[in-house]
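Student: Need coordinates for the following:
(one chain, ligands or ions: 1)
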Amino acid sequence: MSRYRLRIDADLDQCLAFSNWIQAHQFLSQRKERVLEIGSGMGEFLVHEAMQHPSLLFLGIELEWKRVLKATEKIWKQQNLENIRFLHAKADESLAQSLSDFDFQMIHINHPDPWSKRRHFKRRLIRPSMLTVFATLLTLQGTLWISTDHPEYAKSIHNDILSSENYQIIENQLLDEDALMQLGRKQTIFAEKLEAKGRPSRLLVARCIQKPTP
Ligand SMILES: C[S@@+](CC[C@H](N)C(=O)[O-])C[C@H]1O[C@@H](n2cnc3c(N)ncnc32)[C@H](O)[C@@H]1O
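Tutor: Next up, the predicted model:
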């Protein structure tokens, strides 16, 4: 039996990770205050947030199944936290449609793959079309939180957000120890490794000030 107690075919309340959107929809229907993380990796960040804010509902979307399992193990270790689940899926432009019945107070993206070569820029998760998707999913005045250690990607995201009529940038700061403490944020193992290599993270926060026209 899996030590993750992962029950894909079990009742929803016994499922710690989802493999399809229907399960995610059932979970998201439980409360109106919701937070989304895209590329949730091994779940350290979102599990910490879910423990800090028990009244909110947290959904992490992650492309790699093994990472979903690792994240799921963290929910289980915290006495089966009820307000967080992980979905194995790829976030792309269809996300607005897949989650069209729901809105989110916050969307987090931590250390999106930078795809540093110019010819790979189109693979980046944060691109103008996806910023529109995020604005569609956010509540008006909801916030998009992005952290990255990659200076060029950070600049490009900043510029894309500035060019969008949907957002206003409210924060662009280094995520040093003081900032982490002030924000009560958990640094992921991934970010800690980068920091040890002298690659600190930067945090960008943007508020949704105008919803995209459907
Ligand atoms: C560099 S890792 C960062 C993981 C984690 N956020 C952290 O900070 O430790 C990027 C993660 O995003 C996931 N990912 C990349 N593209 C994705 C997509 N389109 N939808 C969902 N997850 C994605 C990858 O599988 C990987 O786990």
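
Student: and Pro200, that's in a strand?
Tutor: No: counting by DSSP: H, G, I helix; E, B strand; the rest coil, Pro200 falls outside a strand, being coil.

Student: ok, is the helix or strand harbouring Ser147 in contact with the ligand or not?
Tutor: Assigned by DSSP states H and E, Ser147 belongs to strand 138-148. No: using CB under 6 Å from any ligand atom, strand 138-148 never reaches the ligand; the gap is at least 7.2 Å. The C-beta positions use only the backbone N, C-alpha and C, and glycine is treated the same way.

Student: Kindly report the same for stretch 25-42.
Tutor: Yes: judged by CB under 6 Å from any ligand atom, stretch 25-42 comes into contact with the ligand at Ile38, Gly39, Ser40, Gly41.

Student: Show me which residues of that stretch are buried.
Tutor: Across stretch 25-42, burial judged by 16 or more other CB atoms under 10 Å covers Phe27, Leu28, Arg34, Val35, Leu36, Glu37, Ile38, Gly39, Ser40, Gly41, Met42.

Student: what's the answer for stretch 76-86, then?
Tutor: For stretch 76-86, a neighbour-count test (16+ other CB under 10 Å) marks Leu81, Asn83, Ile84, Arg85, Phe86 as buried.

Student: So which bits of this protein are right by the ligand?
Tutor: Contact residues, the chain versus the ligand (CB under 6 Å from any ligand atom): 38-41, 61-64, 67, 90-92, 110-113, 125, 188, 190-191.

Student: Filter the residues you listed down to the buried ones and hand me the PyMOL line.
Tutor: Applying 16+ other CB under 10 Å to the residues of the chain next to the ligand leaves a buried subset, and the PyMOL line that selects it is:
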select buried, resi 38+39+40+41+61+62+63+67+91+110+111+112+125+188+190+191
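
Student: Inside strands: which ones of the residues of the chain next to the ligand?
Tutor: Within these, residues falling in strands by DSSP state E are Ile38, Ile61, Glu62, Asn110.

Student: Among those residues, which one sits closest to the ligand?
Tutor: Asn110 (3.6 Å; CB to the nearest ligand atom).

Student: Just list whatever residues bridge to the residue nearest the centre of the chain.
Tutor: Nearest to the mean C-alpha position of the chain, by CA atoms, centre = their mean, lies Glu37 at 1.6 Å. Judged by DSSP bridges, the bridge partners of Glu37 are Gly60, His108.
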